[in-house]
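Novice: Model the following, please.
(one chain, ligands or ions: 1)
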Amino acid sequence: MQPKQNVVHLPVYKPGKSTADVKRELGLTEITKLSSNENPYGYSPKVKEAIAAEMDSISLYPDGAAVELTKVLADKLGVETNQVIFGMGSDEIILMIARAFLVPGDETIMATTTFPQYKHNAEIEGATIIEVPLIDGKHDLDGMLQAITDKTKIVWICNPNNPTGTMVTHDEVEAFLKAAPSHVLVVLDEAYCEYNVTDVYPRTFELLAAYKNAISLRTFSKIYGLASLRIGYAIGDPEVVHTINQVREPFNTTRFAQAAAIASLNDDEFIADCREKNAAGIVYLQGEFARLGLKAYPAFGNFIMVDVERPAVDVFQGMLKRGFIIRQDPEWKMPTCIRITIGSKEQNEKLIGALEAALADVALITK
Ligand SMILES: *Cc1c(COP(=O)(O)O)cnc(C)c1O
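Specialist: Below you'll find the predicted structure:
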């Protein structure tokens, strides 16, 4: 057998340790997982009822086109239903975009360091990856613009950027779209947009109306708290959405996910509350990191990246020992940086206590 040449070298995704693993291995009873940007407040209470109502229909295929959910979402966002497509998480939308647009020889531009799925899926399609380094944790949109050639098919902009948490503003994204040639699909991955409390975050729908080559990706996994149900969506030009629909699997979202998403969209109060608490958590953690003399990146999602000036892997182990799963990744090429999901007030306070202790155990790297 001969797999695709561009797949042979790909690593298999290694999930982080589960809470159960860590409890067992370290003999801990309480573990706080602040490594995957999950919602510490769970999900809207309306979701339970919506899921229960679907139980009798488990044996029936879901509505592949997610007609009802599409209508609810389109109405809410003020877009047309033919501008919307759902995926098994926005991860699947990324996969579908790569599958629909990229062939070997195409170029695709992304930041380094950013969300790894753009590169992963582009590699599977055999596209040439052009990586443009972040500047102080932030997308270098000018550099990305200069990297565009007539072979460029897709530019990926993760906003806020995972893992650094930084944001590019409305004016910056608009200037980019204005200058980018119309043959380039510009993907705005806005997985954390609902956490925004600034007035400079892109007014995405204005941009989508003006630039048919722009598309926004969103998810129910983060502020909506539905990560395990796997549902996300894209909003874009009807023609681009149609193209993505052509490669979509017939039943790619479940009836539970669809029902839960509808229920979530009908609970603005839950979302507003999560947004407010998250913003307060960012202010608290930034203050604490400053007190500890650590440089944190500006944070616009539900996570914050901080330079601990020590080997991140050692700080990670020290935090694990103290019952906190945080995130560090050698692939980031940021060996002294950790990413922490904003937890509840109580979790954040305990986290800082654990971090102070963990930092005291690990020697500083002198630069
Ligand atoms: C979490 C995340 C996603 C994907 O989430 P799904 O669970 O697949 O919807 C996409 N992009 C970024 C930047 C993320 O952080």
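Novice: Tell me which stretches of the stretch 251-367 of the chain form helices.
Specialist: Per DSSP state H, counting those that start in this stretch, the stretch 251-367 of the chain carries helices over the ranges 255-265, 268-291, 312-321, 345-361.
Novice: Tell me if the first one is near the ligand.
Specialist: No. For a cut-off given as CB under 6 Å from any ligand atom, helix 255-265 has no contacts with the ligand; the smallest distance is 10.4 Å. All C-beta spots, glycine's among them, are computed from the backbone N, C-alpha and C.
Novice: Return that helix as CSV; C-alpha atoms alone will do.
Specialist: The C-alpha coordinates for helix 255-265 follow below in CSV (Å, rounded to 0.1, in the frame of the first residue of the first chain):
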residue,chain,number,x,y,z
ARG,A,255,-29.2,16.3,16.0
PHE,A,256,-27.9,16.8,19.6
ALA,A,257,-25.4,19.4,18.5
GLN,A,258,-27.9,21.2,16.3
ALA,A,259,-30.5,21.3,19.1
ALA,A,260,-28.0,22.4,21.7
ALA,A,261,-26.7,25.1,19.4
ILE,A,262,-30.3,26.5,18.9
ALA,A,263,-30.9,26.5,22.6
SER,A,264,-27.6,28.3,23.2
LEU,A,265,-28.4,30.9,20.6
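Novice: Show me which residues of the protein sit near the ligand.
Specialist: 37, 89-91, 115, 158, 162, 189, 191, 219, 221-222, 227, 232.
Novice: can you list the weak-confidence ranges in this structure?
Specialist: The chain contains residues with pLDDT under 70 at 16, 367.
Novice: Relative to the ligand, which residue of it is the closest?
Specialist: As assessed by CB to the nearest ligand atom, the ligand sits closest to residue 89 within the chain, at 2.5 Å.
Novice: So of the residues of the chain next to the ligand, which two are at opposite extremes in space?
Specialist: 158 and 227 (17.6 Å; CB to CB).
Novice: Of the two, which one has the most company?
Specialist: residue 158 (26 against 17; other CB atoms under 10 Å).
Novice: re earlier: can I get the helices of the stretch 251-367 of the chain in TSV including distance to residue 128 and mean neighbour count?
Specialist: Shown next, in TSV, are the helices of the stretch 251-367 of the chain (distance: least, CB to CB, whole Å; neighbours: other CB atoms under 10 Å):
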stretch	distance to residue 128	mean neighbour count
helix 255-265	34	23
helix 268-291	37	17
helix 312-321	30	19
helix 345-361	40	17
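Novice: And those helices: which comes nearest residue 1?
Specialist: That would be helix 255-265 among the helices of the stretch 251-367 of the chain, by CB to CB, at 34.2 Å.
Novice: Need the nearest residue in space to the residue minimising distance to the centre of the chain, chain neighbours excluded.
Specialist: Closest to where the C-alpha atoms of the chain average out (CA atoms, centre = their mean) is residue 191, at 4.5 Å. Leaving aside its sequence neighbours, residue 191 sits nearest to residue 219 (CB to CB, 6 or more residues apart in numbering; 4.9 Å).
Novice: neighbours of the one you found, just the number please.
Specialist: Neighbour number of residue 219 under other CB under 10 Å is 24.
Novice: got a list of what residue 222 touches?
Specialist: By CB atoms under 8 Å, 6 or more residues apart in numbering, the residues touching residue 222 are 37-39, 191-192, 194-195, 301-302.
Novice: Over to residue 172?
Specialist: residue 141.
Novice: if we go to 10 Å?
Specialist: By CB atoms under 10 Å, 6 or more residues apart in numbering, the contact list for residue 172 reads 138-139, 141-142, 157, 159, 200, 202.
Novice: nearest to residue 325, of those residues?
Specialist: Nearest member of these to residue 325, counting by CB to CB, is residue 159, at 25.8 Å.
Novice: what's around the residue nearest to the closest one when sequence neighbours are not counted, how many residues?
Specialist: Distance criterion CB to CB, 6+ apart; nearest residue to residue 159, sequence neighbours excluded, is residue 168 at 5.4 Å. Other residues lying near residue 168 total 23 when counted by other CB under 10 Å.
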